[in-house]
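Undergrad: Test case, fold it:
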Amino acid sequence: MTAVLYGIPNCDTVKKARTWLDEHGVAYDFHDFKKAGVNDALLGVWLAQVPLATLLNRKGTTWRKLSPEQQAAAADASVARTLMIENPSLIKRPVLVANGQVSVGFTPDSYASRF
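TA: So this is what the prediction gives:
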């Protein structure tokens, strides 16, 4: 089964993850969620394995552009899911799905332990 790497192509961390996968011969499909988007069902699968606090990117400019009310409401998973669908940059990158397991972020050690 081929892994799927979700992210945006110009993200430095996504670039590092893609380079690592390529250099280690790991087959994967890349899903650009800025262009192809994400849906509620996909977010539901991810959130079944990864806490909302891990998946929601609270450090980026997209988060800072949200109103204080939206930021506060994002503590509710359903509101956060809606915000992530509308603003995919609110999803921490990259998201890797391989062998039914979901992981968020990239470090060479974490990928080495998965593959």
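
Undergrad: Give me the residues contacting stretch 72-86.
TA: 37-40, 43-44, 47, 52, 55-56, 66, 70, 90-91 (Cβ atoms under 8 Å, 6 or more residues apart in numbering). (C-beta placed from N, C-alpha, C; glycine too.)

Undergrad: Format those as a markdown table; extra columns: neighbour count.
TA: Formatted as a markdown table, the contacts of stretch 72-86 follow (neighbours: other Cβ atoms under 10 Å):
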| residue | neighbour count |
| --- | --- |
| G37 | 12 |
| V38 | 18 |
| N39 | 10 |
| D40 | 12 |
| L43 | 20 |
| G44 | 11 |
| L47 | 18 |
| L52 | 16 |
| L55 | 22 |
| L56 | 22 |
| L66 | 16 |
| Q70 | 15 |
| L90 | 19 |
| I91 | 25 |
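
Undergrad: Which of the residues you listed fall within helices?
TA: D40, L43, G44, L47, L52, L55, Q70 (DSSP state H).

Undergrad: And these, which is closest to V104?
TA: Lowest distance from V104 to the ones in helices among the contacts of stretch 72-86 (Cβ to Cβ) belongs to L55, with 5.8 Å.

Undergrad: just how off-centre is whichever helix or strand A72 is part of within its chain?
TA: Per DSSP states H and E, A72 falls inside helix 68-73. Centroid separation for helix 68-73 versus its chain: 21 Å, with Cα atoms, centre = their mean, to the nearest Å.

Undergrad: Any regions of the protein where pLDDT drops low?
TA: Applying pLDDT under 70 to the chain flags residues 1.

Undergrad: Would you point out the most distant pair within the ones in helices among the contacts of stretch 72-86?
TA: The widest separation within the ones in helices among the contacts of stretch 72-86 (Cβ to Cβ) is 20.6 Å, between G44 and Q70.

Undergrad: Quick one: classify H31 as helix, strand or coil.
TA: The three-state assignment at H31 reads strand, by DSSP: H, G, I helix; E, B strand; the rest coil.
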